[in-house]
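**Q** Sequence plus the predicted model coming up.
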Amino acid sequence: MADYKDFENASLDLYVNQGSDYKRPVKLTNFDGTPLDLTGYTLSLTIKKYYNVSQIYTGSVEVDGDPVLGNIIINIPKGTTDLFTGSRYVYIVRINNSTDTVRVLDGQILIDRYRDWE
């Protein structure tokens, strides 16, 4: 992987239906537009109502295919989206190895609580 200063800490808002499983593919890139090589890294997802609160909701993030290509999938299960009572949350995706933990993606999760309109 490139030096962590070489890649972009991207921001992306997620639009999630309350009470539904949510999956979102994302491509992580370096500043020059090349894929962020995720070889040797684990990924973590933190979801909170606000950045400064201690309660953390569960979700996961995984590499999608070849780690050299920088593709990930953000997963938020129905059991978690059922717990979302507000309309806005924040999340952070980090990559981790034996020496570094680095934020690579963050943003808001905007909740649609009116899933039964149909």
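**A** Sure thing, it's come through.
**Q** How many neighbouring residues does Val16 have?
**A** 19 (other Cβ atoms under 10 Å). Where you see a C-beta, it was placed from the backbone N, CA and C, and this is true even at glycine.
**Q** Okay, strands next: where are they in this protein?
**A** 10-11, 14-17, 22-27, 42-48, 60-63, 71-76, 88-96, 101-112 (DSSP state E).
**Q** what's the most buried one of those?
**A** strand 71-76 (a mean of 20; mean count of other Cβ atoms under 10 Å).
**Q** Which strands or helices does that one pack on?
**A** Secondary-structure packing of strand 71-76 (3 or more Cβ pairs under 8 Å, 6 or more residues apart in numbering; DSSP states H and E): strand 14-17, strand 22-27, strand 42-48, strand 60-63, strand 88-96.
**Q** okay, the angle between that strand and strand 88-96?
**A** Angle between the axes of strand 71-76 and strand 88-96 is 140 degrees (criterion: axes from the mean of the first three to the mean of the last three Cα atoms, to 10 degrees).
**Q** Direction included, what does strand 71-76 pair up with?
**A** Here strand 71-76 has these sheet partners by DSSP bridges: strand 22-27 (antiparallel), strand 60-63 (antiparallel).
**Q** Please identify which of the helices and strands packed on strand 71-76 is closest to Arg103.
**A** For Arg103, the closest of those is strand 88-96, at 5.4 Å, according to Cβ to Cβ.
**Q** any chance of the strands paired with strand 71-76 in CSV, with mean pLDDT too?
**A** Output for the strands paired with strand 71-76, formatted as CSV (pLDDT from 0 to 100):
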stretch, mean pLDDT
strand 22-27, 94
strand 60-63, 95
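**Q** could these go into a markdown table alongside distance to Thr34?
**A** Converted to a markdown table, the strands paired with strand 71-76 look like this (distance: least, Cβ to Cβ, whole Å):
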| stretch | distance to Thr34 |
| --- | --- |
| strand 22-27 | 11 |
| strand 60-63 | 16 |
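**Q** Fine by me, we can end here.
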